[in-house]
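Enquirer: I'd like to go over a predicted model; first the sequence, then the structure.
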Amino acid sequence: MITIRLNAGDVGRIRFALSPVWEIVTSVRALSNDTARSVHRSWLQKVRPIIDGPDLTLLKALVPPIGYIPDFITPAPPRRSTSLESGLAAIAATPHHLVVGELGKLHTDTPNPLLPDLIAHPAKALDLITTSMESYWRRALEPDWRRMRALLQEDLAFRMDELTSGGIERLFRNLHPSIRFSGTRIEIDRPFLCDGEPMAGQGLLLVPCVFTWPGGLAVTAAPHVPTITYPPRGLGRLWEDRQDTAESPLADLVGRTRAAIVSHLDLPMSTTHLAHQLGVSAPTLSVHLGILRNAGVVDSRRDGRAVLYYRTALGNQLLAAATPLATTA
């Protein structure tokens, strides 16, 4: 059992964030985890032929299949949505004594021949770690990041609705079956304990994370911000192939471009992202989106400075009906 104790100030500072760095770390673990195959099989099949190299070897030394992961390689994002570059900069700024201590604990728990040199040269270790993370990201995760990020943003929108509708208790009741909130502490059903106690007054950071499925990870030791990752809602949709609507009754009804828009919005997307996916100009796409929104097939919501479009229940029904109708025509 993992327990994170909270005071009144901590409860008032519970927040959410997205983290590309967390996705790097948890995806490296997923590469060694047979359980991940049931959800991430398509991604695993795609990336395995292209990711071998010294950067992955180093990352696997830092992220063993089970057990302790150094907390400094998953820094807390200062804002709800952050970039890979800011995450890597936070890692690069880690105090050297913290690098030495956490890598030393890792080597004690999971010995690896790469670790002693990193422990002896923490400045070099930080440079190697951030360089390896960036290289791995470009090959393994960046091509799918827009799609992953859309799913994570969709989860955050749902969590915000839960919080405003039912408060903190409702938020945690629906967050993950293994996570419980009692008002003064968070309890996570895991078969081990986390070393160390968090510093009071830092709040709690909740990070939806694609590759943490089926459980989650927790950061509890000072001086790090207490953090819990959890799998986002709708994860099973992430790697699904989109339905081809080009010759469907839906295309006959609304036109091929609008049918393609409906098909692509299985996850919320901005106009820029959707225009790139479909190969049409943003002004042309905006016209089509306006027509679909007026018909109740799609809707939109604001996420920071971006406006995200998503398929409505009516849109889901139209898309679901297209396949059986097409096969009987």
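Expert: Good, I have the coordinates.
Enquirer: show me the shaky parts of this structure.
Expert: 190-201, 240-253, 276-277, 303-305, 322-329 (pLDDT under 70).
Enquirer: let me see the ranges of the strands in it.
Expert: For the chain, strands defined by DSSP state E occupy the ranges 2-5, 14-16, 179-181, 185-188, 204-208, 218-219, 227-230, 269-270, 298-303, 306-311.
Enquirer: who does the third one pair up with?
Expert: Using DSSP bridges, the neighbouring strands of strand 179-181 in the sheet come out as strand 185-188 (antiparallel).
Enquirer: buried ones in the partner strand, by neighbour count?
Expert: 186, 188 (16 or more other CB atoms under 10 Å). To be clear about C-beta, it is placed using only N, CA and C from the backbone, and glycine gets the same treatment.
Enquirer: equivalent analysis for stretch 178-193, please.
Expert: Across stretch 178-193, burial judged by 16+ other CB under 10 Å covers 178-181, 186, 188.
Enquirer: do the same with stretch 55-69
Expert: For stretch 55-69, using 16+ other CB under 10 Å, the buried residues are 55-56, 58-64, 68-69.
Enquirer: who touches it?
Expert: 24-25, 28-29, 31-33, 70, 73, 105-106, 109-110, 112, 114-115, 128-129, 131-133, 135-136, 195, 217 (CB atoms under 8 Å, 6 or more residues apart in numbering).
Enquirer: equivalent analysis for stretch 107-124, please.
Expert: 57-58, 61, 64, 67-68, 96, 99-100, 103-104, 106, 125, 128-129.
Enquirer: ok, now stretch 307-324?
Expert: Contact partners of stretch 307-324, identified using CB under 8 Å, 6+ apart, comprise 150, 153-154, 243, 245, 248-250, 253, 259, 262-263, 265-271, 274, 289, 292-293, 295-302.
Enquirer: need the buried residues of stretch 55-69 in TSV with distance to V225, can you?
Expert: Shown next, in TSV, are these (distance: CB to CB, whole Å):
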residue	distance to V225
D55	27
L56	28
L58	25
L59	22
K60	26
A61	25
L62	20
V63	20
P64	23
Y68	18
I69	16
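Enquirer: ok, those vs G167, which is closest?
Expert: I69 (31.9 Å; CB to CB).
Enquirer: helices of the protein, start to end?
Expert: 8-11, 20-31, 37-51, 54-62, 84-92, 96-109, 115-120, 122-136, 145-173, 249-254, 256-264, 271-278, 282-294, 313-328 (DSSP state H).
Enquirer: among the ones you listed, which is nearest R233?
Expert: If we rank the helices of the chain by CB to CB, the stretch that ends up nearest is helix 145-173, at 5.1 Å.
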